[in-house]
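Asks: let's see this in three dimensions:
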Amino acid sequence: MHYNFFQKSLSFFLIFSLLFSLTFRLPLDIFLASSVFARESEFNNIVSILVEEEIYRLADVRSRIERYARDIQSVLENTRTLIIPTPSDASVLDIASLNERLYQEGYK
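Replies: Predicted coordinates for the structure are as follows:
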């Protein structure tokens, strides 16, 4: 079979690029202008501290709870603490749905 110059050049280029890519592992994002790979999303862990509203109104207790929240945040990496004053008659379902929303949507 007789091959013309274009076919020979194309086959040489394809074989060379295949062997080159197998020999030298180069990341594809160097050659591609747009990012094909998924970006890492930054997220924080959330610690919710539930406190009764009446207790949280007391100045001494409030400062201790806020200090506790800061201590948690400083010890655990990528953690955001939320102090959530709740009424004393709050149902378990309401508290669970609040925590579920925090888990699903995050704190904004």
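
Asks: where do the helices sit along this structure?
Replies: Defined through DSSP state H, the helices belonging to the chain, from first to last, are 5-23, 53-56, 59-75, 92-105.

Asks: could the ones you listed be laid out in JSON lines, adding mean neighbour count and mean pLDDT?
Replies: (C-beta placed from N, C-alpha, C; glycine too.) Compiled in JSON lines, the helices of the chain are given as follows (neighbours: other CB atoms under 10 Å; pLDDT from 0 to 100):
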{"stretch": "helix 5-23", "mean neighbour count": "10", "mean pLDDT": "87"}
{"stretch": "helix 53-56", "mean neighbour count": "13", "mean pLDDT": "93"}
{"stretch": "helix 59-75", "mean neighbour count": "12", "mean pLDDT": "93"}
{"stretch": "helix 92-105", "mean neighbour count": "11", "mean pLDDT": "88"}
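
Asks: skipping adjacent residues, who's closest to Thr81 in space?
Replies: Take Thr81 and drop its neighbours on the chain: the residue closest to it by CB to CB, 6 or more residues apart in numbering is Ala69, 4.0 Å away.

Asks: ok, now how distant is that neighbour from Val47?
Replies: Between Ala69 and Val47 the distance is 8 Å, computed by CB to CB, to the nearest Å.

Asks: find residues that contact each of these two.
Replies: Residues within reach of Ala69 and of Val47 at once, by CB atoms under 8 Å, 6 or more residues apart in numbering, are Thr81, Leu82.
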